[in-house]
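S.K.: turn this into a model:
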Amino acid sequence: MAAPWPSRPAIRPGPVLHTYDLAVATYTSPDGVRLHYEIEGDGPALILHLGAGCDADLWRAAGYAGPLAQDFRCVLYDHRGHGASDRPGDAAANHLDRYVDDLAGLADHLGLWGVSYFGWSNAVAVGLRAAEQHPGMFGALVLFGPIAPPAPPEQLAAAVATRVTELRARGWWVLLDGMIAAEKQPVPQWMIDRILATDIEPYIGWTQARPWWDWNPWDALPHIDVPTLMIVGELEDPDDLMGEAAALMPAATRIRIPGREHINAFLASDLVLPQVREFLLR
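M.R.: Presented below is the predicted three-dimensional model:
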């Protein structure tokens, strides 16, 4: 387990970025992967982390970056395998802990302490793991998307093997077909095109690495005391597992986006942003 981040002196102001940082820049991860980020706005720092598919510009296209940049200095981050960042495709390079190392390295590179974090989809697991491994790194968490129920190791391994075979045969449509079918309204073609334009190999590597995590987010929830806002689409979480997850955390609240599945819940920025801004500003 990584060492905790150092305790913050009481007299220090809120998280800021070093003045020498550029609006568009890169840094190199601990395992040598070059990672791209952009900075927009001014104020307390907020790292925006997407899941599988697309690039950090999606935060603009979906209507989040502009409004959030009015109150926060937004770090729009292309995590490995996405956007302008390097795209290693093997399982070892796409293990959850590599994503966490990248995130911690980004925060260290920018001189952040107590930064707020907004993560969608796979970035929910990244944020939870980072909060557990690096106590003090986050001042607030916004986690958008469901947490999968725990599965026995043999069941997980079999499911991963099947999923990898499907991904190699059909690419992103393995995910898109189910999500599009479950939505009550059409998924915009521009969103589908963005996902299809993303290299599938890093996501295959992420999937292959899943049985090696040796970590269950459900076990970690009771130990993460960072103020947390959990957001989930009603249709992607019919049994309200995220309500159960929030109840396990010392300082978490869960909200549901009615009538939306995974993609259209995220794209409903008009419904989501007021909740996120109120939470982060509070």
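S.K.: residues touching Tyr99, list them.
M.R.: Tyr99 makes contact with 79-80, 126, 129, according to CB atoms under 8 Å, 6 or more residues apart in numbering. C-beta coordinates here come from the backbone N, C-alpha and C atoms, glycine included.
S.K.: most neighbours, which of those?
M.R.: His79 (29 neighbours; other CB atoms under 10 Å).
S.K.: what ranges does the stretch 151-282 of the chain have for its strands?
M.R.: 228-233, 252-257 (DSSP state E, counting those that start in this stretch).
S.K.: out of the contacts of Tyr99, what pair is the most spread apart?
M.R.: Using CB to CB, the pair of the contacts of Tyr99 lying farthest apart is Arg80 and Arg129, separated by 14.9 Å.
S.K.: buried deepest among the strands of the stretch 151-282 of the chain, which one?
M.R.: strand 228-233 (a mean of 25; mean count of other CB atoms under 10 Å).
S.K.: pairing partners for that one, with directions?
M.R.: strand 138-144 (parallel), strand 252-257 (parallel) (DSSP bridges).
S.K.: could I get the average pLDDT for it?
M.R.: For strand 228-233, mean pLDDT rounds to 98.
S.K.: restricting to C-alpha, output that strand in PDB.
M.R.: Taking Å, rounded to 0.1, in the frame of the first residue of the first chain, the C-alpha atoms of strand 228-233 are listed here in PDB:
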ATOM      1  CA  THR A 228     -18.600  11.800  -1.600                       C
ATOM      2  CA  LEU A 229     -21.400  12.400  -4.000                       C
ATOM      3  CA  MET A 230     -22.500   9.300  -5.900                       C
ATOM      4  CA  ILE A 231     -24.500   9.700  -9.100                       C
ATOM      5  CA  VAL A 232     -26.100   7.000 -11.100                       C
ATOM      6  CA  GLY A 233     -28.600   6.500 -13.800                       C
END
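S.K.: offset the numbering so it begins at 597, please.
M.R.: Happy to do that; since the first residue is 597 now, the last one works out to strand 824-829.
S.K.: what about the helices in the stretch 597-746 of the chain?
M.R.: 654-657, 661-665, 692-705, 719-729 (DSSP state H, counting those that start in this stretch).
S.K.: hey, which of the ones you listed is tucked in deepest?
M.R.: helix 719-729 (a mean of 24).
S.K.: any idea of the mean pLDDT in that helix?
M.R.: The model assigns helix 719-729 a mean pLDDT of 97.
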